[in-house]
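[1] here are the coordinates; sequence isn't available:
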Ligand code: ASP
C-alpha cells in the first residue's frame, strides 16, 4: 500500500481554520495515511507558540514559581482551536487533564521533567486532532511514539534517534493499512521509557523517521510558504520558486542560511531515497518544492544563490609551506584544542586560511589562536579578519560547466564587489565567495541576475 507521510508545522495547526484545511488535504489523497503534527504555533492574537509557553511553565515549576497562569493560557489556546470544531469543552478538558498529570511528575531530574512538559504541545494536539477527525467520520488513531517504538538517545532537549529507530517502527505499516495514523512530532522515548525531545523544530525529524519506517512514497512537509526559493525573498524581489532540487543541493542552501527543514530531517529519507515535498497548507494548488536524490540534468545548472554573514578568517603566509609535513593538521589542531569548529580552509601556494563562524569566538580566544599559531607554526605573517560574508551559487555539477566561474566573478566585479576568497570545494555543487559583509545583498542580487534573469 502506498503511504504518504504528511507533517504539518506549527503555523499549519495554529487555528481551527488551519485544521479544517488539513482535513481537506487528507481528503484529497487517500495515500495520506500518516499525519504528524507540531504544537500550535503563532497566530493572530497569539504571539507565543505553545512550545514556548510550555518551556516557560516548566522553568517556573522548576523554580517553584507560580506556573498555573501559563498552564491556563495553554489550555485556553487549545479550547479556542478545538471548540469551534465542535469538540465539547468537556471532551477537550479530559484530554488536557494530562497536562496537570505531567506537572505532578517528579522534578528531581530537571531535564526529564522539562521534556515531559515541553512535549505535551504535540501530544495533546494530536490526541485532540484525532478526536476531531473521528468526529467527521474518518477512521483514524492517535499513536504514541512509545507504542510505535520511536527510540531516542537520553539527551534531553537534543535527543537523536537510535540507529535502528525506523526499523523498530515497521509495525506501523500494518496500522496505517487499517486506519489513518495521527502521530505527535518532536519527541521519542529513551530505552528507560522516558520522554526526550529532539532539538527545536524536531517534528520534521519525526516525519522523516516515519517516512523511512513506512517506506513512504513521499514525505510531505506542510508549512506556510510555497516551497524553496532560488534566493532569499528579503534580498531579491520575487525570486523563482525551485520546482525540484537534490538533497545535497538543499544541504548546501540550508548551510548558507536557507531555513528549510530541520537539518537532521534529511538523513532518514535520504537513506531510502524518499522524496520530500515542501508545501503550503494555505495554497494547495501550488505543487511546492520537491527534494529528491537525483534530478533531471535538463533542469537548471544553478538552483539557488544564498548568503550568510558573521564569519572570520585567520590567514597565514609561510615561504615553502608546502614542504612542511603536517602543517595543515597542526593548524587545524589549534582550533580543535580551543573547542572551535571551522567552516572552510582554502589554501594557496604559500598561504592557508581558516574560516570560522565568528560567534564562537571571544576576544581572549582570538589572542590565544594567534599566539598558538605563532609559537607552533612560525608563519611569516598572520592576519585575522572579521565581518566576512559568504555568498554561494549552488547547483549540482555546475563546476563542470565551462565559463561558470567567469560568469559569477564578472557579475560580482560589475557590481563592484571585491572577492576576498573563492572556495570551489570538492562537492562539485557550489562555489562560495568570501566578501565584505557590507556587500552581501549587492552580491546576491548580482549573482541572481546573472543566473536567473
Ligand atoms: N513545537 C516544537 C518547536 O516549536 C517542534 C516543532 O514544531 O517541530 O520547536
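    Received it, and whenever you're ready, just let me know what you need. These figures come from a predicted structure and were not determined experimentally.
[2] buried sites along stretch 330-349?
    331, 334-335, 340, 342-347 (16 or more other Cβ atoms under 10 Å). Every C-beta, even on glycine, is put in place using the N, C-alpha and C of the backbone.
[3] quick one: residue 441 and the ligand, what's the gap?
    29 Å (Cβ to the nearest ligand atom, to the nearest Å).
[4] with residue 64 instead?
    From residue 64 over to the ligand (counting by Cβ to the nearest ligand atom), the distance is 26 Å.
[5] which residue is the nearest non-sequential neighbour of the residue of the stretch 351-453 of the chain found nearest the ligand?
    Per Cβ to the nearest ligand atom, residue 359 is where the stretch 351-453 of the chain lies closest to the ligand, at 20.8 Å. Of all residues not flanking residue 359 in the chain, residue 310 sits nearest, at 6.0 Å (Cβ to Cβ, 6 or more residues apart in numbering).
[6] nearest residue to whichever residue of the stretch 251-400 of the chain sits closest to the ligand other than its sequence neighbours?
    Closest residue of the stretch 251-400 of the chain to the ligand, Cβ to the nearest ligand atom: residue 262 (6.9 Å). Counting by Cβ to Cβ, 6+ apart, residue 204 is the residue found nearest to residue 262 once chain neighbours are left out, at 3.8 Å.
[7] pretty sure residue 248 sits in a strand.
    No: counting by DSSP: H, G, I helix; E, B strand; the rest coil, residue 248 is not found in a strand; it is helix.
[8] how about stretch 270-283 and the ligand, touching?
    No: under the criterion of Cβ under 6 Å from any ligand atom, the ligand is not reached by stretch 270-283; the shortest gap measures 13.8 Å.
[9] which parts of that stretch are buried?
    270, 274-282.
[10] tell me which of those fall in strands.
    Within the buried residues of stretch 270-283, residues falling in strands by DSSP state E are 276-280.
[11] let's have the residues you listed in JSON lines, adding pLDDT.
    Below are these laid out as JSON lines (pLDDT from 0 to 100):
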{"residue": "276", "pLDDT": "97"}
{"residue": "277", "pLDDT": "98"}
{"residue": "278", "pLDDT": "97"}
{"residue": "279", "pLDDT": "97"}
{"residue": "280", "pLDDT": "97"}
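[12] go through those residues and name the one nearest residue 222.
    residue 279 (5.1 Å; Cβ to Cβ).
[13] on the strand side of things, show who the closest one bridges to.
    Beta bridges link residue 279 to residue 222 when assigned by DSSP bridges.
[14] might one say that it is in contact with residue 288?
    Yes: at 3.8 Å, residue 279 counts as touching residue 288 under the criterion of Cβ atoms under 8 Å.
[15] list residues touching both of those two?
    Common neighbours of residue 279 and residue 288 are listed as 220, 226-227 (criterion: Cβ atoms under 8 Å, 6 or more residues apart in numbering).
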